[in-house]
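> what would the 3D arrangement of this be:
(one chain, ligands or ions: 1)
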Amino acid sequence: MPTFMEPFRIKSVEPIPFLTRAEREESLRASGYNLFRIDADRITVDLLTDSGTGAMSAAQWSALLNGDESYAGARSFRRFERVVTELTGYPEVIPVHQGRAAERILFSCLLGPNWVSVSNTHFDTTRANVEAIGARAVDLPGLDSEFGGDLDVAALRQLLEDGAAVGCVVLTITNNASGGQPVSIANARAVRELCDLHGVPLFLDAARFAENAYLIVERDPAYHGVSPREVARELFAIADGCCASLKKDGIANIGGMIALHDKELAAKCRDKLIISEGYSTYGGLAGRDLDALAQGLLEVTDLDYLRYRAESARWFADELAKAGLPVLRPTGCHAVYVDAAELLPHLSLQELPANALACALYAEGGVRTSDLGTLCFGRVDPNGGPDEPAPRELLRFALPRRVYTRNHLEYVAEAAAAVAARAESIPGMRIVEQPAMLRHFTSRLEPL
Ligand code: F0G
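Numbering: from 1, shown residues only. Model (predicted):
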């Protein structure tokens, strides 16, 4: 069958708001042209992130009612623990409220000042958590196009042979920063071999482990016909443990975890957990959240579901390309990325093409996307000169899990076509107010 369709039907619905163009333009002005600052009831289609925005299944909603809210040793924790251990093979399971809590706790046990964490790419909070310890986060992205998430093994070998104080290697699966591209099994094994040679532990940032597993099934002939769950298990088996935001492939609205082989390391993590997240069997979550996550982790490796994720991203990328947007390929599962600098060549990188495009799309159709360009990744000049631009000006159309249908995405593509048709008239942006760090969340801008 040439047409893919959503492998679910809809049981519960939520209305979405439609605003006039004048209302949207007013929202932009009031928010300082920063889409993070616009309230969700003024957004028609929200593609800001795939994190915590998924729709739970009937089985997940029903699991909520079975949540055991006992402070210690709740039945919900035991269910979560069992599902995670069966999936990952890691016996030590530590729940946390979201991914960045897992990063903070794990890294504070592994790294110290001047140590190095190496990754295919550290996600922005992951980097911030490494740097908060006084350690250095080194990104070594590879070049493969099919497995664009791979880590550059030759560069890692060089770094280790040069005697850098590497405290851990982190493979982010999939690599969010490089378009949600997967890491291959071969790359993970090669990284493991180097880690073993130098006595360095290897961890996964497993936020999108199921999508990575599916893309391996699709792209690596050796894995055609293997179930995504088995591939995921193989990936987990290569590493010493993982930290994960379960707001993505846990298909729940909140949650995260650390899962490990090493008992001693787990004990250290639990000591830190209790200071800020809570007791070791709930880690900042309600019992019912753990039940919803356990169920989500069973559903997420379903082949039809993952095929739908990959096919809808591919189809949506084709629609955006037909609309005249330069899309990055191959697509992954969780988002489609567009090169805003290529669409808006009349703007300099300091004129923030990705933000300019994000604002134009919101004005056109109330569509919220996230800009991953100079505002997010550029370096501010301490002497007040122009920013050092980010390597790329990307606009990310993230795809929340099981939330929007093909019609919603067709609507987005129509808005994109209207914006692309007037690309040369889209004005650049200027920052009028910005905080010292993570400025893309709160700064205020204005059109030039
Ligand atoms: N690691 C990766 C690869 C991520 O994409 C994220 C979050 C995190 C860690 C942090 O997890 O949000 O649960 O604390 N990514 C979201 C995004 C925010 O929009 O891509 P968290």
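> output the lowest mean pLDDT helix or strand found in the chain.
helix 374-377 (a mean of 86; mean pLDDT, DSSP states H and E).
> what residues does it touch?
124, 349-350, 352, 354-355, 387, 389-391, 393, 431, 439-440, 443, 445 (CB atoms under 8 Å, 6 or more residues apart in numbering). For every residue, glycine as well, the C-beta is placed using N, CA and C.
> ChimeraX command for the buried members of those?
In ChimeraX syntax, the buried subset of those is picked out as below (16 or more other CB atoms under 10 Å):
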select :124,349,350,352,354,355,387,389,390,393,431,439,440,443,445
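> tell me how the protein divides into domains.
21-50+302-447, 58-299 (automatic domain parsing).
> can you pull the contacts of the residue in the stretch 101-250 of the chain that the ligand sits nearest to?
Closest contact between the stretch 101-250 of the chain and the ligand, by CB to the nearest ligand atom, is at Ser245 (3.0 Å). By CB under 8 Å, 6+ apart, the contact set of Ser245 is 51, 98-100, 102, 207, 255-256.
> just send these back as a markdown table, with pLDDT, neighbour count and secondary structure too.
Formatted as a markdown table, the contacts of Ser245 follow (pLDDT from 0 to 100; neighbours: other CB atoms under 10 Å; DSSP: H, G, I helix; E, B strand; the rest coil):
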| residue | pLDDT | neighbour count | secondary structure |
| --- | --- | --- | --- |
| Ser51 | 98 | 20 | coil |
| Gln98 | 98 | 22 | coil |
| Gly99 | 97 | 25 | helix |
| Arg100 | 96 | 18 | helix |
| Ala102 | 98 | 32 | helix |
| Ala207 | 98 | 29 | coil |
| Gly255 | 98 | 28 | coil |
| Gly256 | 98 | 28 | strand |
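> return the most buried member of the domains of the chain.
domain 58-299 (a mean of 21; mean count of other CB atoms under 10 Å).
> contacts for the longest helix along the chain?
Across the chain, the longest stretch assigned as helix under DSSP state H is helix 303-322. Residues outside helix 303-322 that contact it (CB under 8 Å, 6+ apart): 4-7, 210-211, 213-215, 218, 227-228, 299-300, 327, 329-336, 338, 397, 399, 401, 406, 409-410, 412-413, 416-417.
> name the next helix or strand following it along the chain.
Per DSSP states H and E, the first helix or strand lying C-terminal to helix 303-322 is strand 335-339.
> what is the subsequent helix or strand relative to that following strand?
Counting by DSSP H and E, the element after strand 335-339 in chain order, helix or strand, is helix 340-343.
> now the helix or strand just after that following helix against strand 335-339, angle please.
Sequence-wise, the next helix or strand downstream of helix 340-343 (DSSP H and E) is helix 353-365. Calculated by axes from the mean of the first three to the mean of the last three CA atoms, to 10 degrees, helix 353-365 forms an angle of 110 degrees with strand 335-339.
> nearest residue to the middle of the protein?
Centroid-nearest residue in the chain: Asn176, 5.0 Å away (criterion: CA atoms, centre = their mean).
> isn't it right up against Arg208?
Yes: Asn176 is in contact with Arg208 according to CB atoms under 8 Å; the separation is 7.4 Å.
> OK, contacts around the residue in the stretch 251-400 of the chain positioned nearest to the ligand?
Going by CB to the nearest ligand atom, the ligand is nearest to Gly256 of the stretch 251-400 of the chain, at 5.4 Å. By CB under 8 Å, 6+ apart, the residues touching Gly256 are 95-102, 243-247.
> try it again at 7 Å.
When contacts are counted by CB atoms under 7 Å, 6 or more residues apart in numbering, Gly256 touches 96-99, 101-102, 244-246.
> which residue packs closest to Ala165, ignoring adjacent ones?
Closest residue to Ala165 apart from its sequence neighbours, by CB to CB, 6 or more residues apart in numbering: Trp115 at 5.0 Å.
> hmm, Ala135 and that neighbour touching each other?
Yes: counting by CB atoms under 7 Å, Trp115 does reach Ala135; the two are 4.4 Å apart.
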